[in-house]
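Visitor: Here is my input; please provide its structure:
(2 chains)
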Amino acid sequence: MTDSDTGVQDAGFDDWIDAAEEGEAYYLECPDGHGSLPPRRVCPDCGATALDSVPLPDTGTVETFTVTHIPTPAFEDDAPYATAIANFGPVRLTGQIVGIDLDAIENGLEVGIEISVSETTGERVLAFSPV
Amino acid sequence: MSNVRVAGVGLTSFGSMPERTSRDLFAEASIEAFANSGVSRDDVDALLYGNFMGELSEHQGHHGPLMAEAAGVDAPATRYESACASSGVAVRDAVKRLRNGEADVILVGGAERMTNLGTAGATEALAIAADDLWEVRAGMTFPGAYALMAQAYFDEYGGEHEDLAHIAVKNHENALENEKAQYQRAIEVDDVLGAPQVSSPLGLYDSCPISDGAAAIVLTSEAYAEEHDLDAPVAITGTGQGGDRMALHDRAYLARSPAARDAAEEAYGEAGIDAGDVDLAEVHDCFTIAEVLAIEALDLAPVGEGISAARDGRTTAAGETPINLSGGLKAKGHPVGATGASQVAEIATLLAGEHLNSDHVPDATTGVAHNAGGTVASVTVHVMEVVDQ
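Guide: Below is the predicted model of the structure:
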């Protein structure tokens, strides 16, 4: 989220959202193959500091989800909405599920990354859509 | 390792008191703790104070000296912040300082003012305990995070919302006579199942309330208690702390709390007990599913079987291991920074036979307090035992 007063971005995170918008989502990989998310300098699994950006697999699987009816103020106009943890192999991600009826969501759903926009704030939101 | 004695405890009522400042709440709790302790304020070597959202709810940082002043204590003071485990980690540090001889008397506790923020504001404030970039910006709330764990649990081990409802019913039942509890109201399983949804599968009655309140405890070294002939029959005999990755999606397990298992093993090891010795526990039931994960991590129920413990009566007041006889966070309330210390205070009075629910556990000698922060990325476990009748 860009600071609306100063225009300052969060380096690493906003870069990732930019890349994901272009269909080029990635994760960070250490020499031992542990995956993690930016901004990061040290592998949280093994302490390695040589981290490479590697393309994220195109599809992930929903491992768990919830439909939120009582949101924080930043998502007031978005509720109810579904939030899920999806497994993309080297990393899991938390995002909103879009492009499907809330009632039709189930664990095991195959999804891809999509960057949506909050109806409340207009900010970009990490989301998943069924593939 | 020498034990640490609980000389006195004090709790404010927990509830909605939006106009009361945290300094006023903590002062009230500390007055009660000193009055019950037989310890002079002059003997206090340090104040360790837990608080989570003071910057957001009161525009106040640097709580340590403010709270020492409020409690009438002239001693170095430090604030501890580990989300909902803030005063749990404060108690743990107090135990360590008293054991290693750095201090003879420590005032430890915490307070939180929350209801002045309103429901939306408090929900937003609580969410800062999660990863802002990778969780909160995707719309994850705290009820949402525990809902993700509940859904993952159902998927992996089975169970249904009705099992969770029995936990809420039990904890409300336990708080019925507790005049300091936020809710002194019996509820039925159907009330829980029919309540408005917060974040599926969790509804309003699966969730602890937003609360204001404070807790204070006067802890002393064993030597100080003996020298001053204190009436302090309960000791903290084991302390443990566990940690995990910040974001739920980065954890090895979505439906288990290995950090709490680590903390329990450390605390049980120090106390020289195992789970079979535990007579009762206060666990961090911020949401009904959290009690399931807690009792499994504490090895009070096998993994995958904690879900049915309340429904089967194993954790009710009349059960083999009563859980949350105080009413828990669910019914007693959850003023975040006060919660960990309040659990230790409840166990101390339960074991001393001075709690309104002590009659349910007349022979209890060993209790456990489990305090979790975030989605259990921070957690403390304390073992407490009756050492002097």
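Visitor: that's a helix at A:A84, yeah?
Guide: No. Using DSSP: H, G, I helix; E, B strand; the rest coil, the assignment for A:A84 is strand, not a helix.
Visitor: okay but it is in contact with A:T94, surely?
Guide: Yes. The criterion here is Cβ atoms under 8 Å, and A:A84 meets it with A:T94 at 7.3 Å. Placement of C-beta: from N, CA and C, glycine included.
Visitor: need the next SSE after the lowest-mean-pLDDT helix or strand in chain B, C-terminal direction.
Guide: Lowest by mean pLDDT, DSSP states H and E among the helices and strands of chain B is helix B:118-127, with a mean of 92. Sequence order places helix B:142-157 as the next helix or strand after helix B:118-127, per DSSP states H and E.
Visitor: so what secondary structure elements neighbour that following helix?
Guide: Applying 3 or more Cβ pairs under 8 Å, 6 or more residues apart in numbering or on different chains; DSSP states H and E, one finds that helix B:142-157 contacts strand A:60-68, strand A:81-87, helix B:118-127, strand B:197-199, strand B:202-203, helix B:288-297.
Visitor: and if we set it to 7 Å?
Guide: strand A:60-68, strand B:197-199, strand B:202-203, helix B:288-297 (3 or more Cβ pairs under 7 Å, 6 or more residues apart in numbering or on different chains; DSSP states H and E).
Visitor: Distance to B:A83, mean neighbour count and mean pLDDT for those - can I get that in TSV?
Guide: Formatted as TSV, these follow (distance: least, Cβ to Cβ, whole Å; neighbours: other Cβ atoms under 10 Å in any protein chain shown; pLDDT from 0 to 100):
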stretch	distance to B:A83	mean neighbour count	mean pLDDT
strand A:60-68	20	23	98
strand B:197-199	18	25	96
strand B:202-203	19	26	98
helix B:288-297	13	29	98
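Visitor: As CSV, those with distance to B:G64 would be great.
Guide: What follows is those, written out as CSV (distance: least, Cβ to Cβ, whole Å):
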stretch, distance to B:G64
strand A:60-68, 36
strand B:197-199, 34
strand B:202-203, 35
helix B:288-297, 29
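Visitor: Need the nearest residue in space to the most centrally placed residue in chain A, chain neighbours excluded.
Guide: Nearest to the geometric centre of chain A sits A:L126, at 4.2 Å (Cα atoms, centre = their mean). Leaving out its chain neighbours, the residue that sits closest to A:L126 by Cβ to Cβ, 6 or more residues apart in numbering or on different chains is A:G95, at 4.2 Å.
Visitor: My read is that the one you found contacts A:R124, right?
Guide: No. Counting by Cβ atoms under 7 Å, A:G95 sits too far from A:R124 to count as a contact (11.4 Å).
Visitor: So those two - more neighbours on which side?
Guide: Ranked by neighbour count (other Cβ atoms under 10 Å in any protein chain shown), A:G95 and A:R124 place A:G95 first, with 30 against 18.
Visitor: State whether that one is indeed within a helix.
Guide: No. Secondary structure of A:G95 (three-state DSSP): strand, not part of a helix.
Visitor: ok, now which ones touch it?
Guide: Listed by Cβ atoms under 7 Å, 6 or more residues apart in numbering or on different chains, the contact set of A:G95 reads A:84, A:86, A:126-128, B:138.
Visitor: Looking at those residues, state which has the most neighbours.
Guide: A:F128 leads the contacts of A:G95 on contacts (other Cβ under 10 Å) with 32 neighbours.
Visitor: Is that residue located within a strand, as I assumed?
Guide: Yes. Assignment of A:F128 by three-state DSSP places it within a strand.
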